[in-house]
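Trainee: kindly generate the corresponding structure for this input.
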Amino acid sequence: MIWNELNAAIEANESFLISSHLSLDGDCVGSQLAFYWYLKSIGKRPVMYCADPVPSKFAFLKNSDQIQQEKPDGKFDVLMILDCSNPSRLGWENAENTADFIVNIDHHRDNSRFGSFNHTDTTAAATGEIIYRFFKDNDIDFPEFVSSALYTAILTDTGGFRFSNTNGKTLAICADLAQRGANCSGIYEKIYTSHSKAALTLQARIWSSLQFHLGGRVCSMDMPLSLLSETGAQYSDSEGMSDNTITAKEVEVGLLTKHSPAETHFSLRSKGSIDVGRVAQKIPGGGGHSCAAGCTIKKPYKEAMEEMLSIITKEMNR
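Mentor: Numbering: from 1, shown residues only. This next block holds a predicted model:
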């Protein structure tokens, strides 16, 4: 059984630190909550820690308030890193010194297999899908709120079942999660249609920055970080806006930039003809999926945008 080594590690140890990548999304939050519940249910001592806060849209998920932003002191038996392709994306240092055994469960293709135990499946739509299979393969029955956490993981990483990673297997899993109590319409409303006025104001400002490049094949939207103080919105209120950059008919690649005077972060989207994961990998620390990826260029917006468009041009001419 593929899970034997993981099961043995769980059985042999007591304290677990669970963590995931910067800029938390629904998959990393839902995956952490599901495994946190499981470890607690069998009498273990799990702690969840992430460098960034949980976006308010995921606050409805049970135990999301247990994901702390202050790194706990001391050493743990096991460090579980979920939905994170490499330790540098954790946003905190010396992960290897946190525990003697590291569990790495992920679906990103650029995962560096850094763990003592590695289970990476690039065919999975979300890391939450992998954890669902862990529960099913081990005959672990789980409550409604865990179904909601896993459904949230899959819903968000498929862009509301719009991305090409949505398939029959994924939908069958979500059907089972709904049967187990996940409130599909309620979760959708919480995540996609419950914006604050400040969030909508921020999104309107981002929409107003719309530009087209490279003969209309690339679309970009721009969010200077100063917009947050101007609108009163939170950083997480811009989540999902990157998906809008590929909604025009002729566009192949979409970019949402978020920038300070010193650096520019890119959220890249593709309809499939251009591999934006390969584009992001041209920048140190960048990576992701073929249709959704991210990277940060340590340059002001204008210079960073020129560099990014140059990389995309080369990728288009491959």
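Trainee: okay, CA-based contacts and neighbour counts for the rest of this
Mentor: Noted.
Trainee: helices of the stretch 51-200 of the chain, residue ranges please.
Mentor: Remark: helices assigned in the stretch 51-200 of the chain by DSSP state H, counting those that start in this stretch are 127-137, 144-157, 168-179, 184-192, 197-207.
Trainee: and the first one with helix 168-179, angle?
Mentor: Spelled out, that is helix 127-137. Following axes from the mean of the first three to the mean of the last three C-alpha atoms, to 10 degrees, one obtains 70 degrees for the angle between helix 127-137 and helix 168-179.
Trainee: show the average pLDDT along helix 127-137.
Mentor: Here helix 127-137 scores 98 as its mean pLDDT.
Trainee: which parts of that helix are buried?
Mentor: 127-132, 134-135 (16 or more other C-alpha atoms under 10 Å).
Trainee: what is the nearest of the residues you listed to L177?
Mentor: Relative to L177, the closest of these is Y132; by C-alpha to C-alpha it sits at 9.1 Å.
Trainee: residue contacts, the closest one?
Mentor: By C-alpha atoms under 8 Å, 6 or more residues apart in numbering, the contact list for Y132 reads 150, 173.
Trainee: G272 too?
Mentor: If you count contacts by C-alpha under 8 Å, 6+ apart, G272 has them with 252, 290-291.
Trainee: same thing with F35?
Mentor: Contacts for F35 were tallied using C-alpha under 8 Å, 6+ apart; they are I131.
Trainee: tell me the secondary structure of it, please.
Mentor: helix (DSSP: H, G, I helix; E, B strand; the rest coil).
Trainee: what about it, distance to E144?
Mentor: Using C-alpha to C-alpha, to the nearest Å, we find F35 at a distance of 14 Å from E144.
Trainee: a markdown table please, covering the contacts of G272 and showing pLDDT, neighbour count and distance to E5.
Mentor: A markdown table is the format used below for these (pLDDT from 0 to 100; neighbours: other C-alpha atoms under 10 Å; distance: C-alpha to C-alpha, whole Å):
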| residue | pLDDT | neighbour count | distance to E5 |
| --- | --- | --- | --- |
| E252 | 97 | 21 | 42 |
| S290 | 87 | 22 | 30 |
| C291 | 88 | 21 | 32 |
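Trainee: name the nearest of the residues you listed relative to N94.
Mentor: Nearest to N94 out of the contacts of G272 is S290 (C-alpha to C-alpha; 29.2 Å).
Trainee: isn't that closest one right up against S273?
Mentor: No. Counting by C-alpha atoms under 8 Å, S273 is not a contact partner of S290; they are 9.2 Å apart.
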